[in-house]
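Undergrad: got a predicted structure plus its sequence, pasted below:
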Amino acid sequence: MAYFDELDNEGKKKLSDDFTANNEIKLTIEGKDFTLTDKHISFKDENKVQMEEKYVPHVIEPSFGIGRIIYCIFEHCFKVREKDAQRTYFDFPAEISPLSTSLLPLMNNADMNKKVQEIKRVLIKNGVSSKVDDSGQSVGKRYARTDECGIPFAITVD
């Protein structure tokens, strides 16, 4: 059987033709002679339809979600000041920063707050996100806090 299994289609066709012509086949396998007759072997041509389904993957599913992308952005934009390792800040590009502008009034009075709110409305109308920092701290500390948060622009209202 191993002999027949190893034959290619041409070899099997030749044996079939020999069998049809002589009604027997003479084989020499591993030094032994064999004679096969119609009692031992028969040949039959058969056409088989074989269905085959090929699968080619067409979706690539990355192993990261939006959380990892945001983490990479944070890591890439995180900076440490050269002369003071304790002072860290974010350096976001303006296109991806969470807030675009920080509004910093120098004084906390009604006229100044009115002007700050007017500027904030103009920024919102033009699609610019902003944050008002009207804490009582010095403007330098508020600038530093703006840098730490990664806000790329600051407007000081005087």
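TA: Happy to help now that I have it.
Undergrad: any low-confidence regions in the protein?
TA: For the chain, applying pLDDT under 70 flags the ranges 60-64.
Undergrad: strands of that one, start to end?
TA: Secondary structure of the chain (DSSP state E): strands at 24-29, 32-37, 78-80, 88-90, 101-105, 130-132, 153-157.
Undergrad: gap between the closest residue to residue 124 other than its chain neighbours and residue 143?
TA: Leaving out its chain neighbours, the residue that sits closest to residue 124 by C-beta to C-beta, 6 or more residues apart in numbering is residue 130, at 7.4 Å. Heads up, the C-betas are built off the backbone N, CA and C, glycines and all. Separation of residue 130 from residue 143 (C-beta to C-beta, to the nearest Å) stands at 15 Å.
Undergrad: what about those two, which has more around it?
TA: Higher neighbour count among residue 130 and residue 143: residue 130, with 19 against 16, using other C-beta atoms under 10 Å.
Undergrad: contacting residues for that one?
TA: Neighbouring residues of residue 130 by C-beta atoms under 8 Å, 6 or more residues apart in numbering: 99, 100, 101, 102, 103, 120, 123, 124, 155.
Undergrad: okay, those residues in JSON lines with distance to residue 31 and neighbour count next?
TA: As requested, the contacts of residue 130 are exported to JSON lines (distance: C-beta to C-beta, whole Å; neighbours: other C-beta atoms under 10 Å):
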{"residue": "99", "distance to residue 31": "90", "neighbour count": "16"}
{"residue": "100", "distance to residue 31": "90", "neighbour count": "17"}
{"residue": "101", "distance to residue 31": "95", "neighbour count": "21"}
{"residue": "102", "distance to residue 31": "96", "neighbour count": "21"}
{"residue": "103", "distance to residue 31": "100", "neighbour count": "22"}
{"residue": "120", "distance to residue 31": "101", "neighbour count": "17"}
{"residue": "123", "distance to residue 31": "97", "neighbour count": "16"}
{"residue": "124", "distance to residue 31": "97", "neighbour count": "11"}
{"residue": "155", "distance to residue 31": "100", "neighbour count": "15"}
